[in-house]
Structure formats: structure tokens, C-alpha cells
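Colleague: Give me a 3D structure for the following:
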Amino acid sequence: MKIFLALLSFVAFVSAAIQSPTYEVLETRTDYEIRRYLQKKWVATSVDSFGYEEVRGTLFNTLFNYIDGGNEGGVTVPMTAPVTTLVIPGEGPNCKQTFTMAFYVPEEFQENPPVPTNPAVFIEDRPEFELYS
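Modeller: A predicted model of the protein is given here:
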């Protein structure tokens with residue numbers, strides 16, 4: 001089982017109206033939790049960059065356009081939490097890293113998520129995974 005380091009966004013804005021995938025808290029520390037998430041579908045986009053701050057807005061806006069109807073059928077998909085960002089380091093110093101941001105696909109779309117119209121957006125069928133939150 002892989003452990004993904006995830007940067008979570010919108011924690012302060014999460015309300016009961018925002019759907020989240022089910023997870024189990026494996027460990028609680030002073031500054032974070034280790035969580036196990038079950039296999040689910042996520043909508044994602046990736047970009048290579050030297051720094052996260054440079055691409056955070058682009059990644060988020062690309063995914064927001066998808067949930068705001070930028071998909072086949074123009075379906076509006078509800079916002080979910082968490083928003084995860086996987087960072088794959090480059091192979092050496094001064095190399096670009098790969099940043100993959102993803103939104104959880106709500107339960108009503110898990111079986112058949114709307115097909116993205118932007119080729120930079122893809123549906124990811126994530127196996128069970130653990131992350132730091």
C-alpha cells in the first residue's frame with residue numbers, strides 16, 4: 001500500500017453540504033492525521049513545474065472548470081472535499097516536479113463520471129490509499 005502526501009485545501013470551508021469520501025483515521029498526531037481512504041474515482045489534472053505556488057491556481061481552475069460543466073453533457077458536479085495534491089519529485093536538484101491535483105468524484109457519479117472535454121483532465125480510479133492530513 002502506498003502512502004500519498006496530500007495537501008488539503010478548503011478545510012476551513014468544508015461544511016455538511018460538501019460530500020467527502022469515507023475514510024478511517026489510522027493515527028492522530030499533534031499536527032496531522034494519517035487516514036485510509038477506500039477505492040474511489042477522482043477527477044485529476046497534472047502539470048510539471050519547479051514550484052507548487054506557480055501552478056496551484058491553474059490546477060484548481062482546470063478542475064473547477066470540469067465540475068462547472070466542462071465535461072461531455074455539460075453536467076455540473078458538486079464540489080467535494082478533500083482536494084488532494086500528489087507531488088512526485090524530479091530526479092535531481094533544479095528539476096521540475098509533477099503536481100497532480102484531484103477532486104473526489106461524488107457518490108452519485110462514481111459509477112459513471114462525466115467525461116472531461118479538456119484533455120488535461122482525467123478520471124483516476126484510485127485504489128485504497130493512505131495520506132497525511
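
Colleague: Does the residue nearest the centre of the chain fall in a helix, a strand, or a coil region?
Modeller: Nearest to the mean C-alpha position of the chain, counting by Cα atoms, centre = their mean, stands Ala102 at 2.0 Å. For Ala102, the assignment made with DSSP: H, G, I helix; E, B strand; the rest coil gives strand.

Colleague: And for Cys95?
Modeller: coil.

Colleague: and it, what does it touch?
Modeller: Pro89 (Cβ atoms under 8 Å, 6 or more residues apart in numbering). Yep, even glycine has a C-beta here, placed from its N, CA and C like the rest.

Colleague: Let me know the pLDDT of it.
Modeller: With respect to pLDDT, Cys95 has a value of 89.

Colleague: What of the one 4 residues further on?
Modeller: We have a pLDDT of 96 for Phe99.

Colleague: and Thr22, how far is that from Lys96?
Modeller: 34 Å (Cβ to Cβ, to the nearest Å).

Colleague: all helices of the chain, in order?
Modeller: Remark: helices assigned in the chain by DSSP state H are 52-67.

Colleague: in the protein, what spans have low per-residue confidence?
Modeller: In the predicted model, the chain carries pLDDT under 70 at residues 1-16.
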